[in-house]
Every structure is written in C-alpha cells, then in structure tokens.
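**Student:** I need the structure of the sequence given here:
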Amino acid sequence: MSPVPGTTAASITPVVVRLKLSLLRNGLRQSAGRRAAYLASVVFVLVFAALVLLGLIALRGVGHAASLTVPLVAVLALGWAVMPLFFPSGDETLDPTRLVMLPLRPQPLVRALLVASLVGIGPLFTVCVLVGSVVATAHGTAAYVTAVAAVPLALLGCVALARAVAAANIRLLSSRRGRDLAVLSGLVIAVGVQVVNFGIQQLSSAGLGQLDPVADVLGWLPPASAIGAVHSVSKGAYGVGVARLGLGAAALAVLLGLWARILTRLMTSPDGSTLQVGEAGATKTRSTGLSRLLPAGRTGTVMERSLRYVWRDPKTKAAWVTSLAIGLIVPVFNAVQGTGSIYFACFAAGMLGIMMYNQFGQDTSAFWMVAMTISSTRDAYVELVGRALALLALTLPYATLVTVLTTALLGDWESLPEVLGLSFALLGAMLATGAWTSARFPYSIPQEGYRNVAPGQAGLAWISVFGGMVGSALLCLPVIALVIWVNVAEGGDAWAWAALPVGTAYGAGLTALGLRLAAPRTAARLPEILAAVSKG
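**Tutor:** Below is the predicted model of the structure:
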C-alpha cells in the first residue's frame, strides 16, 4: 500500500472524519423512523451519561470510591471490546476492507481511523464516565495533573481496543454467521443487567470496601490502570502511579501496533470466497452425522429441518436465544439473590414450550413445499411429531439442567422430583396446545426488520401464544393439585417422589393427544395455513 500522490498523512485524518460524518448523515436520511430511533438513543445516552457523571461526582469524599471507579472503567473497556462483535452494523467505518482499493499506508490509516472513532455518542459517554471517575478519585494537585494524561489515555485505549478487536474479526462480522452473532446481544444484555442488579444489591448491603481486592488487581490492567494511577498519586504513591500510567501507554502502543498489522494483513491477503467448496463439504459431512442420530423416515427428516432452522434462520435463532436466556436467568438469578423459589425452575419449560407455537410461521412462504408432502392426516401427524421431537431434543435436557441448577443453589433437593414432574407436565401441555394453535391460528414472521408478526396478524399471535399458555396452565391442574397435596397434606412428603413419574407420564399423554387432535385440522387447513404464513 503506497500513499496517494500529493497526499500527506496529516490530510488523511480530516477526510476520514468527514467520511464518517457523511455516512451518519446519509444513514439518517434513509427514513424518518431511523432518524427518530437515532435521536431517541442519543437523548437516552446523554441523560444516562449525565446521571452517571452526577453519581460519580457525588462519590467524591466517600471512602473506597476508587474501589468502584476502577472496576467501572474496566467494565467500560470490556464493553468497548465486545460491542463491535454483537453490533457490527453500528459503525460502518469498522470495516477497513472497504478502503482496500485506496493506496493508503497502515500507520496514517490507523491514526485517521482512531480520530474518526472519537466522533460519536459512545466516546462522549466514555468521557463522562472517565471525568466522573477522576473527580471521585483524585485528591490533590498532583492527582489532577495525572488525570490530564489519564483521561485521554484511557479513552484512546478503549477506542483502540474496540478497533483492534473489530479488525481482527472483520471476516467473521461480514459473514452470515457474523451477522447472526448479533442475535446473542440480547443474551449478553439480559445477563449483564442481572449481574449489575445483583452487584448493586450486594454493594448496598456490604459497602464498597468489598471491592478493594478487585480494584487492586484491575488497577494494573489497562485502560483501568489510568484511573488506578490517579488513585495511587492521590495517596502519595507517585512511583506506583507513574508505573500504572506507563503501563497504560505501553498497552495503547501495543494495541495500535497490533491494529496496524491486522490492517496490513486484511488489505494484502485474499478473502475467504475461495473456500466455499470446502465449507460445502463440511456442511455435507455435518448433515450426514446429524442424520445418523435421528430416526429414520420422514420423522427424522422433519427433525433435521427444524434443528437447522434453529441454527441457521436468524428469526428462529433469536427466539430460541431469548427463550433460553430468560428461562435460565429468572430462576437462577432469583436463587442466587436468595429471593427465589424452586418452582421458578418451571419458567424454563414454559419459555421453551412457547417455541412450539406457530410452527408453520417459521417456514414463511416456503411452507408450500411442506404442504405438497402432506396428503393425509397421517402425513400431518408425522410432520407435527417430527417438529415436537426436535423441540424436545433441546428442551428436555435444558429444562432439567435449569431445574437441577436452581435446586442446587437453593439446597432444596427434596423438592426436585415434584418440580421436575411439574416442568415436564407443563412442557407436554404446551406442546399439545402449541400443535393445535399452530394449525388453528398460524401467522407470518417477516424475515426483514425487527417485527415478529406481519401487519394485521397481531391478534392471531396474541390468541395463539397467550391463549395457549392459559390453556396449558389449565391442563396442568391435576399435576398442580398433586404437588399442592404433597406439600400440605399430612404424610404427603412420603409421596413427593411420585410427582416425577406422574408429571412425566401426564405430559407425554397430553403431547400425544394434542398431536392427534391437531393432525386432522392441519391436513384440512393447508391452503389457509399457507396463505397466513406467506403474508408480510
């Protein structure tokens, strides 16, 4: 890569900055909805940044304030590192391969992209956090002088870390699997919110002092070491402060050098477009291996198709990730906080059972190929059985794992059989009602955008999901009555073990009955189902 004739390194930076501003401006011109969403996000971030800044300033003079500010900056740096992986479309300048045809050298390009990265709401929020951390931590003139270098050093460290991670993974992020990786952002956010909530509860009861060991370690890890340097100088440990500041500067230099090397490799090496044959061969091998584990005939074929929907279809994958995350977070985090009940473990079976609803909607207009293979009630029954078994292959072990984990956290092993039995009964009831509502109330799932229901079909979705959930709860009343009797009746504890086989058999019976009842309705309504799932 050689420089453009007549172009200096210094002149590249303003060009790249203007390029980023133009991308942002042109993106907002696409639609009023996008402008409204962007403005709303900007207002939210600014308000949140102001609250964080005021909260950190209020910590000034509080003992162990650095025990909060140093880990906070470390978490902020972690966010900078992982956000490009989950939101690769948030900044179109993250992909340097778009500049591959331009004769640019790595070092000027790194400087230009680094400066352009400082333009945006993310860097502004980071500056607010860093300034607030300095105000809460610094005491004395020497500490404030150190902060003058620490704040930009930490900011540049966060930005360089994000850029290096994004450049190292740009081939993945620009692929189909990379785009599907954004589906996991919901899981990360959900878990992160619960972790923050749990941490706040612990700090409110035990105080900031318990974070001292964590802050001592993170104070040596860049870019949090910059705030650690301010804290050290405030205490009079000037040598430690200089060492931490130097460590942050060295880490920034390493990140910039690594980023430059990655850019050089990206712009001088071929992409993976020539590997399609090898990838196709690998896919074929995986398909053969999966087929060996599944039943023979149409049942196994339907199971394989449904499992591949879970792995490949973005909307189906998003729904599964959400259900898996919520099904785990609700019982486990409540158990960790000591406020939960072992019966919260049934939440996992309930969330995953919802995946049985609107089975044909995930096929969209391609359902016509499925409809062409159904010529009798028997064919419809086998189709529904295959889809139910595919769901059970994932749901049964996961619901069992969540139940056992919740029981272990609460230490209530005596209640494990009845909770497992209740979970299996609920899962069976939801499979039964899900099969019936899939045939009676199908609706389309748009493949583009964030809508999960086509316009005009929201009522069908509400009836299908919530009506089925209420029906499932009513169907589980016999098992619920058994569990209540075991807990309140005199001598009922001796029969607690019976809830597991009774709940399992009851759930299996409901599933079989529901599939039998749904099969003739499915076979009779194939044109109506195709019309419903093809909208949008």
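**Student:** And the host helix or strand of residue 308, what does it pack against?
**Tutor:** Using DSSP states H and E, residue 308 maps to helix 298-312. Applying 3 or more C-beta pairs under 8 Å, 6 or more residues apart in numbering; DSSP states H and E, one finds that helix 298-312 contacts helix 276-293, helix 314-336, helix 377-410. Where C-beta positions appear, they are placed from N, C-alpha and C, glycine not excepted.
**Student:** Pull the residues that contact that helix.
**Tutor:** Applying C-beta atoms under 8 Å, 6 or more residues apart in numbering, the external contacts of helix 298-312 come out as 287, 290-291, 294-295, 316-317, 320, 362, 373, 379, 382-383, 385-387, 389-391, 393-394.
**Student:** Buried among these? Make that a ChimeraX selection.
**Tutor:** A single ChimeraX command selects the buried members of those (16 or more other C-beta atoms under 10 Å):
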select :294,316,317,320,362,379,382,383,385,386,387,389,390,391,393,394
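**Student:** before we move on, the earlier item: and the helices and strands packed on helix 298-312: which comes nearest residue 40?
**Tutor:** Residue 40 lies closest to helix 314-336 among the helices and strands packed on helix 298-312, at 21.9 Å (C-beta to C-beta).
**Student:** Name the residues of that closest one that are buried.
**Tutor:** For helix 314-336, burial by neighbour count (16+ other C-beta under 10 Å) applies to 315-335.
**Student:** ditto for stretch 67-86
**Tutor:** Going by 16+ other C-beta under 10 Å, stretch 67-86 has these buried residues: 67-77, 79-80, 83-86.
**Student:** for stretch 147-155, same thing?
**Tutor:** Going by neighbour count (16+ other C-beta under 10 Å), the buried part of stretch 147-155 is 147, 150-151, 153-155.
**Student:** what's the average pLDDT for it?
**Tutor:** The average of the pLDDT scores along stretch 147-155 is 93.
**Student:** Need the distance between the two termini of stretch 487-500.
**Tutor:** End-to-end distance of stretch 487-500 (C-alpha to C-alpha, to the nearest Å): 14 Å.
**Student:** Same check on stretch 57-71?
**Tutor:** Stretch 57-71 end-to-end distance (C-alpha to C-alpha) = 16 Å.
**Student:** Same check on stretch 22-40?
**Tutor:** Using C-alpha to C-alpha, the end-to-end distance of stretch 22-40 comes out at 20 Å.
**Student:** circling back: got the buried residues for the helix holding residue 308?
**Tutor:** 299-304, 306-310.
**Student:** How far off centre is it?
**Tutor:** Its chain's C-alpha centre and that of helix 298-312 lie 23 Å apart, by C-alpha atoms, centre = their mean, to the nearest Å.
**Student:** Kindly report the same for stretch 251-269.
**Tutor:** Distance of stretch 251-269 from the chain centroid (C-alpha atoms, centre = their mean) equals 28 Å.
**Student:** Same question for stretch 490-505.
**Tutor:** Distance, centroid of stretch 490-505 to centroid of chain: 38 Å (C-alpha atoms, centre = their mean).
**Student:** for the record, mean pLDDT for the helix holding residue 308?
**Tutor:** Mean pLDDT, helix 298-312: 85.
**Student:** and residue 501, how many neighbours?
**Tutor:** Counted with other C-beta atoms under 10 Å, residues neighbouring residue 501 total 12.
**Student:** If you could redo that for residue 253, that was the one I meant.
**Tutor:** Quick note: residue 253 (other C-beta under 10 Å) scores 11 neighbours.
**Student:** buried ones in the host helix or strand of it?
**Tutor:** In the assignment (DSSP H and E), residue 253 maps to helix 238-268. Going by neighbour count (16+ other C-beta under 10 Å), the buried part of helix 238-268 is 240-241, 243-245, 247-249, 251-252, 255-256, 258-260, 262-263, 266-267.
**Student:** same deal with stretch 50-67?
**Tutor:** Within stretch 50-67, the residues that count as buried by 16+ other C-beta under 10 Å are 52-53, 56, 59, 65-67.
**Student:** which outside residues touch it?
**Tutor:** Against stretch 50-67 from outside (C-beta under 8 Å, 6+ apart): 68-69, 125, 128-129, 131-133, 135-137, 207-209, 211-212, 214-215, 219, 227-228, 231.
**Student:** cool, stretch 146-157 as well?
**Tutor:** The contact list for stretch 146-157 (C-beta under 8 Å, 6+ apart) reads 73, 77, 114, 118, 123, 126-127, 130-131, 134, 138, 222-224, 226-227, 229-230, 233, 241, 245, 248-249, 251-252, 255.
**Student:** Please flag which of those residues sit within helices.
**Tutor:** 73, 77, 114, 123, 126-127, 130-131, 134, 224, 226-227, 229-230, 233, 241, 245, 248-249, 251-252, 255 (DSSP state H).
**Student:** Let me see the contact set for residue 228.
**Tutor:** Contacts for residue 228 (C-beta under 8 Å, 6+ apart) come out as 66, 70, 215, 218-220, 244.
**Student:** Skip the chain neighbours and tell me the closest residue to it.
**Tutor:** Spatial nearest neighbour of residue 228, chain neighbours left out: residue 219 (2.9 Å); criterion: C-beta to C-beta, 6 or more residues apart in numbering.
**Student:** Would you mind confirming that the one you found makes contact with residue 71?
**Tutor:** No: using C-beta atoms under 8 Å, residue 219 is not in contact with residue 71; the gap is 9.3 Å.
**Student:** Which residue comes closest to residue 249 once chain neighbours are left out?
**Tutor:** Nearest residue to residue 249, sequence neighbours excluded (C-beta to C-beta, 6+ apart): residue 153, at 6.3 Å.
**Student:** Now the one you found: phi and psi?
**Tutor:** Note on residue 153: backbone dihedrals following degrees, to the nearest 10 are phi -60, psi -40.
**Student:** what about it, distance to residue 126?
**Tutor:** Using C-beta to C-beta, to the nearest Å, we find residue 153 at a distance of 12 Å from residue 126.
**Student:** what's the answer for residue 493, then?
**Tutor:** According to C-beta to C-beta, residue 493 and residue 126 sit 56 Å apart.
**Student:** So for the two, which sits in the more crowded spot?
**Tutor:** The neighbour comparison of residue 493 against residue 126 (other C-beta under 10 Å) goes to residue 126, with 24 against 12.
**Student:** mind giving me the domain split of the protein?
**Tutor:** Domain assignment for the chain by automatic domain parsing gives 23-269, 283-533.
**Student:** from the chain's centre, how far out does the first one sit?
**Tutor:** Going back to what we said before, that points to domain 23-269. 19 Å.
**Student:** contacting residues around residue 339?
**Tutor:** So residue 339 contacts nothing (C-beta under 8 Å, 6+ apart).
**Student:** That one: what secondary structure?
**Tutor:** coil (DSSP: H, G, I helix; E, B strand; the rest coil).
**Student:** State the distance from it to residue 348.
**Tutor:** Residue 339 is 18 Å from residue 348, where distance means C-beta to C-beta.
**Student:** and if you look at residue 219?
**Tutor:** 39 Å.
**Student:** ok, those two, which is more surrounded?
**Tutor:** Legend: neighbour count by other C-beta under 10 Å for residue 219 and residue 348, higher for residue 348 (30 against 25).
**Student:** quick one: that one and residue 423 touch, right?
**Tutor:** Yes: counting by C-beta under 8 Å, residue 423 is a contact partner of residue 348 at 7.2 Å.
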